[in-house]
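A.B. asks: Fold the following.
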Amino acid sequence: MAGKEKRKIKNEEKETVKKEDKKVKISKETKKASLKAVKKESGIKKWFKEVMAEFKKVRWPNKKEMIKYSIATIVFIIFFALFFYVIELIIYFIREVM
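C.D. replies: Next up, the predicted model:
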């Protein structure tokens, strides 16, 4: 009986090895298929598809938000322009005095 049990165990091990080999072959085949699909869509067509997908994800501002952001930008530009102008005037007067 011990001999029959050993044979059963060996047969079961062989079957599991065969199944694992099939799984490995299947995964290699699926990888090849996916690479072929990627190669087919490579280039400019793929790039445009990806760009369009990204544009769909963007949340564009509405008119009210655009006006608010534009006013904030103009105010900051004017503030920093005046700030640097005053700094330059101070430096100019310091040079004139010395």
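
A.B. asks: domain assignment for the protein?
C.D. replies: For the chain, the structural domains run 1-58, 61-98, going by automatic domain parsing.

A.B. asks: tell me the mean pLDDT over the last one?
C.D. replies: So the one you mean is domain 61-98. Averaged across domain 61-98, the pLDDT comes to 95.

A.B. asks: next one: the first one
C.D. replies: Mean per-residue pLDDT for domain 1-58: 68.

A.B. asks: ok, which stretches of this structure are helices?
C.D. replies: Remark: helices assigned in the chain by DSSP state H are 2-40, 44-57, 63-97.

A.B. asks: would you put the C-alpha positions of the second one in PDB?
C.D. replies: Okay, so that is helix 44-57. The C-alpha trace of helix 44-57 is given here as PDB (Å, rounded to 0.1, in the frame of the first residue of the first chain):
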ATOM      1  CA  ILE A  44       0.600  59.800 -32.900                       C
ATOM      2  CA  LYS A  45      -2.800  58.100 -32.700                       C
ATOM      3  CA  LYS A  46      -2.100  56.800 -29.200                       C
ATOM      4  CA  TRP A  47      -0.800  60.200 -28.200                       C
ATOM      5  CA  PHE A  48      -4.000  62.000 -29.300                       C
ATOM      6  CA  LYS A  49      -6.200  59.400 -27.500                       C
ATOM      7  CA  GLU A  50      -4.300  59.900 -24.300                       C
ATOM      8  CA  VAL A  51      -4.500  63.700 -24.600                       C
ATOM      9  CA  MET A  52      -8.200  63.600 -25.100                       C
ATOM     10  CA  ALA A  53      -8.600  61.300 -22.100                       C
ATOM     11  CA  GLU A  54      -6.600  63.800 -20.000                       C
ATOM     12  CA  PHE A  55      -8.700  66.700 -21.300                       C
ATOM     13  CA  LYS A  56     -11.900  64.900 -20.100                       C
ATOM     14  CA  LYS A  57     -10.400  64.800 -16.600                       C
END
